[in-house]
Structure formats: structure tokens, C-alpha cells
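Novice: attaching a predicted model along with its sequence, questions to come.
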Amino acid sequence: MRALVCTRLGELELLDLPSPRPGPGEVVVEVSHIGLNFHDTLIVAGRHVVRPEPPFSPGSEYAGTVVAVGAGVRSVGVGDRVTGNEEYGCARETVVVRADRVTVLPDHVPDRQAAAILVAYSTAYHALVQRAGLRAGETLAVLGAAGGVGSAAVDVGNLLGARVIAGASTVDRANSARGYGAHEAFSYGDTDAKTAIKDLTGGGADVVFDPVGGAVGEAAVRAVAWEGRYLVVGFASGDIPRLGLNIPLVKGSSVVGVFFGEFVRRAREAHEANLRVIFEWAGAGRLRHRVHDILPLAEGRRALDDLAAGKVEGKLLLRVTA
Ligand SMILES: NC(=O)c1ccc[n+]([C@@H]2O[C@H](COP(=O)([O-])OP(=O)(O)OC[C@H]3O[C@@H](n4cnc5c(N)ncnc54)[C@H](OP(=O)(O)O)[C@@H]3O)[C@@H](O)[C@H]2O)c1
């Protein structure tokens, strides 16, 4: 089977490897699509908290069909269409994964859509529902709103009944977030994020969703309303914001961490319940996610370069065996 392999940090090659066999409690999935995420670029570069030793395959979310099951597996069978996420290792024609980490796909969710929404939408939903307790009618400011998790947060926030304010580095990118359901848009390329969010919310956002960090995050944390929640999602800017603890004190606000992968490991059933809601929205045609492009596995290196260079709007997928 062909696999995209990081042979040295920063280096990717397409290699032929032996097909895997399932051990007890494992299944082998023939992967049809994988969804790429910004963190894949960080893992390949050795700049993520998850630091596998090469050789390893990147790719943390996939959809495909079960082709073999190991001893003791009852929850899924050969022929089931499934999706799942791992820390890395999915950019291969076949992957071997633990059976209790795969989710059987409903008929109305095609593989391509599953690979496009799994991580971004589950992260956004977990952040907004379990971590922020976002309520209908509240204001939600999303930074990096044209990006992967950002656009999902705009869409999910809107579906949960929030008034969504989308921020991005350019006016065009901010306006593109209106296509995901944003009610207002602002660019922090030419306006200070604190002023823009305060102006658009009439004093401060109930929830700020921040996958960007850096100076923009430092400004946005000052635009949280009384008893608001600032969600620490990621640092796509490359800088971790510094925060004076006087800010949550004077606002009665909370700074809340979001770690989707750990949530899935620790609270599998809650994650599955979140996915049921997301798949129901998908079936009803209510998701506004956008696929930027679908490239063959052999183009994986270019795909990750484009992602790292910020050239991607919406989701970038790799077509593996479909
Ligand atoms: N906490 C979790 O559980 C979790 C789960 C998934 C992802 N994440 C993290 O969330 C972050 C975003 O992931 P993603 O997949 O949404 O990535 P993405 O689509 O590539 O980037 C998100 C946004 O960040 C901004 N950005 C990217 N590179 C930048 C740079 N060099 N300088 C300044 N801004 C930059 C861009 O927005 P603008 O240019 O418009 O500002 C981009 O749209 C990553 O750090 C990822 O690791 C965290």
C-alpha cells in the first residue's frame, strides 16, 4: 500500500509499505479521503506538542471502509463505512486503528464530507458547547474565521443561535466568513481586534473563539464581555498570547482551554453524542462547510505546503483510494 511518510522532520515521501493486519481490538480501514489540518504541518515540522519520531505518516482524520477486523471486535464489521481521528498516521491507503476509536458513518454522510468536517466541526462544537456553554442569543467573536476550525466555529455558532462576529487578517477573508453564517465581519489587518469586537458587540463578546493567538489574541481577550469566555484553541500565528490575570478579574471572565484530541480520549461517549448532532445537521443540509480542493495522495507534500503558507480557504482533502 502507498503511504505518505515523513522520513525526516520537514521531509515527505510517497512510499510503498506492507499492508497492515489488525491485532486484537483493532480494525483495518481502507482510507478513501483524509482531511488535512494546520496541526499536520506543525507535526511534520516537529513544532507541535505531539512529536512522533520519523518515519511516520501525517494526517489526523480519515474516512473509509473497514476491510478487516481483529479478534474481539464487535462494534464494527467488514464493509462498514467509518470515520475517525488519530494524532497522526492516516495519510495511507490502509490504516490500522483501535475499533473503539472509529465512528460508523450514517448513509447520508459521504466519506468526502466526513473527512472534511470531523476534526474542525467536532473541535468547534466541543469548544462552544462543552467548554464555553454558548447560549442562543449570545455574541460569539471568531478569529481566523476563514480558516479550518474558525469557519466551523462560525457555522456551529450560528446553528446554536449565537450572533456571530467573524474576524480575519484581511477584509476579503473576513467577508468570506459571511458565507459560513457570520452576521458581521471585521479585519484585524487594519483595525485593532479589541476595538472592532467591542464596537460590533456593543461592549464585548460573550465568547471569543481564538485559533490564531499572538497579538490578535492579546487584543481579543480584552474584548470579552462581563462573565464572558475566551477560548484558547490554537496559535496559528506562531505566538502564544501573554495575558495579565487582571483581565479575567475585572471582567469576571474565564480563559478556557480547548484540547479536542484529549477530550475524545477521555470522553468518547460525549464526543459521539456531539457527532450525532453534527451528522444530523449534515443530513439536513444545514452545514455550510467549504472544500477548498481535493488532491491525490501523491500531492500530499504540496497540500501541506499550501496549508502552512495560509493559501487554503476551507478544507483541503487528500483522495486516497476513492
Ligand atoms: N485546541 C484544539 O483542540 C485544536 C483543534 C484543531 C486545531 N487547533 C489549532 O487551531 C489552529 C488553527 O487550525 P486550522 O486547522 O483552522 O488552521 P488554518 O485554517 O490554517 O488557520 C487558521 C487561521 O489562522 C490564521 N493564520 C494562519 N497562519 C498564520 C500566520 N502565520 N500568522 C497569522 N495568522 C495565521 C489565518 O487566519 P487569518 O489570516 O485570517 O487571521 C488562518 O485562517 C492551529 O494552531 C491548530 O493547531 C486546535
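Specialist: The structure has been received and is ready for your questions.

Novice: need the helices for the stretch 1-150 of the chain, in chain order.
Specialist: Taking DSSP state H, counting those that start in this stretch as the criterion, the stretch 1-150 of the chain contains helices spanning 38-45, 111-125, 148-159.

Novice: buried deepest among those helices, which one?
Specialist: Comparing these by mean neighbour count (mean count of other CB atoms under 10 Å), helix 148-159 comes out on top with a mean of 29. From N, CA and C alone the C-beta is placed, and that goes for glycine too.

Novice: pLDDT averaged over that helix - what is it?
Specialist: Taken as a whole, helix 148-159 carries a mean pLDDT of 96.

Novice: that older thread, now the helices of the stretch 1-150 of the chain as CSV including distance to residue 10?
Specialist: Putting those into CSV (distance: least, CB to CB, whole Å) gives the following:
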stretch, distance to residue 10
helix 38-45, 6
helix 111-125, 23
helix 148-159, 21
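
Novice: can you list the ones you listed in CSV and add distance to the ligand?
Specialist: Converted to CSV, the helices of the stretch 1-150 of the chain look like this (distance: least, CB to the nearest ligand atom, whole Å):
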stretch, distance to the ligand
helix 38-45, 3
helix 111-125, 4
helix 148-159, 3
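
Novice: just how off-centre is stretch 263-276 within its chain?
Specialist: Relative to the centre of its chain, stretch 263-276 is centred 15 Å away, using CA atoms, centre = their mean, to the nearest Å.

Novice: if you could redo that for stretch 125-144, that was the one I meant.
Specialist: The chain centroid and the centroid of stretch 125-144 are separated by 15 Å under CA atoms, centre = their mean.

Novice: what's the first-to-last distance across that stretch?
Specialist: Stretch 125-144 stretches 16 Å from its first residue to its last (CA to CA, to the nearest Å).

Novice: please report the number of neighbouring residues for the residue of the stretch 1-150 of the chain found nearest the ligand.
Specialist: With CB to the nearest ligand atom as the measure, residue 147 is the residue of the stretch 1-150 of the chain nearest to the ligand, at 2.5 Å. By the other CB atoms under 10 Å criterion, the neighbourhood of residue 147 contains 28 residues.

Novice: mind listing the helices for the stretch 201-322 of the chain?
Specialist: Along the stretch 201-322 of the chain, counting by DSSP H, counting those that start in this stretch, helices occupy 214-220, 246-251, 260-266, 268-283, 300-308.
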